[in-house]
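J.: give the three-dimensional model of this entry:
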Amino acid sequence: MIESSYPETWTELQNKVAQILTESGLESETPKQIETARGMVEIDVFAVDKTQKPHIVYLCECKHWKTAVPQTMVHSLQTVLSNYGANFGLIISSNGFQSGALKAAQYSNVRLFTWLEFQELFEERWFLEHAIPLIQEAVGPLIDYTEPINSRVFRKADTLTPEALDRFSDLRKEYCELAFYASTVYLPWFSTFTSLEKELPNLPLKDASGTSSQLKSVLPNELLNAVSLRDFLDVLLLQIDKGIKAFDDVFGGRA
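T.: Below is the predicted model of the structure:
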């Protein structure tokens, strides 16, 4: 899942839906007045996917109700879709859907999602469009500082005092695994080698079978315990930034 918490209000629900859609590469607005064949209608979240041709238009209704969404809501959104000419209608409900709503949406272009199901629908795209670029941009200097051979950094390290050189060496040992791990997170998504799996992090890392005992021993607990992709991303970026700043302090600036 992308988010670890549930929205507490209807405005928070629609804001989070719009945020996830935007971070996934769509253009979204919340709320938005649209002009249909039968007049103006307010939509909770309006989104356009311009990466597709023709563009795909989504009309999203976010229902933070104490009860399950009834079929009348599905029929209402179907009418708006038809009158506006949108491609899909999404209803995101905090408390599920009545059986009539599920039946009404079965043979229509309205899709029904719980908060978790909505996140699952976009989590891979969110990770590719939002998380991967941030990780790739952030970790570059840390890789430079920790990789086995970097003549530019090593030439500057030769000018350090003995104390600073020891600190540089200690930091390389401390952060080399983090830099390597971050690179394994984003590299498969850009690699042409089919043997590299484009997988989302298996969270929490501390319980994942693919996380080696060596990696568990060197990664910070905050990263190992992250249960959502956003928490994972935030902690990873924070740790990368912390390491880069420590190296920069040794060199008195970026090496």
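J.: from here on, contacts and neighbour counts on C-alpha atoms
T.: OK.
J.: got the residue ranges for the helices in the chain?
T.: For the chain, the helices defined by DSSP state H cover 10-23, 71-84, 99-105, 115-126, 132-146, 151-157, 162-186, 213-218, 221-224, 229-251.
J.: so which of those is nearest His64?
T.: helix 10-23 (4.9 Å; CA to CA).
J.: can you give the domain ranges for this protein?
T.: 10-108, 123-251 (automatic domain parsing).
J.: before we move on, back to that, and the helices of the chain, which one averages the lowest pLDDT?
T.: Mean pLDDT is lowest for helix 213-218 out of the helices of the chain, coming in at a mean of 81.
J.: what comes up buried for that helix?
T.: Residues of helix 213-218 classed as buried by neighbour count (16 or more other CA atoms under 10 Å): Leu215, Lys216.
J.: could you dump the domains of the chain to JSON lines with distance to Glu3?
T.: Below are the domains of the chain laid out as JSON lines (distance: least, CA to CA, whole Å):
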{"stretch": "domain 10-108", "distance to Glu3": "9"}
{"stretch": "domain 123-251", "distance to Glu3": "5"}
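J.: and Met1, which of those domains is closest to it?
T.: Closest among the domains of the chain, using CA to CA: domain 123-251, at 5.3 Å.
J.: roughly how far apart are Asp166 and Ala157?
T.: Distance of Asp166 to Ala157, computed by CA to CA, to the nearest Å: 10 Å.
J.: what about these two, which has more around it?
T.: Ala157 (18 against 13; other CA atoms under 10 Å).
J.: and the nearest residue to that one once chain neighbours are set aside, how many neighbours?
T.: Spatially, and ignoring its direct neighbours in sequence, Ala157 is nearest to Leu165 (6.6 Å; CA to CA, 6 or more residues apart in numbering). Neighbour count for Leu165, taken as other CA under 10 Å: 16.
J.: so Leu165 touches Arg155, yeah?
T.: No. Assessed by CA atoms under 8 Å, Leu165 is found out of contact with Arg155, at 11.7 Å.
J.: and Ile91, how far is that from Glu35?
T.: Relative to Glu35, and taking CA to CA, Ile91 is found at 20 Å.
J.: which of these two has more neighbours?
T.: Ile91 (25 against 13).
J.: for that one, give its distance to Ala105.
T.: Distance from Ile91 to Ala105, by CA to CA: 10 Å.
J.: please apply the same query to Val74.
T.: Distance from Val74 to Ala105, by CA to CA: 6 Å.
J.: who has more neighbours, those two?
T.: Val74 (26 against 17).
J.: which phi and psi does Lys50 have?
T.: Per-residue torsions, Lys50: phi -90, psi 0 (degrees, to the nearest 10).
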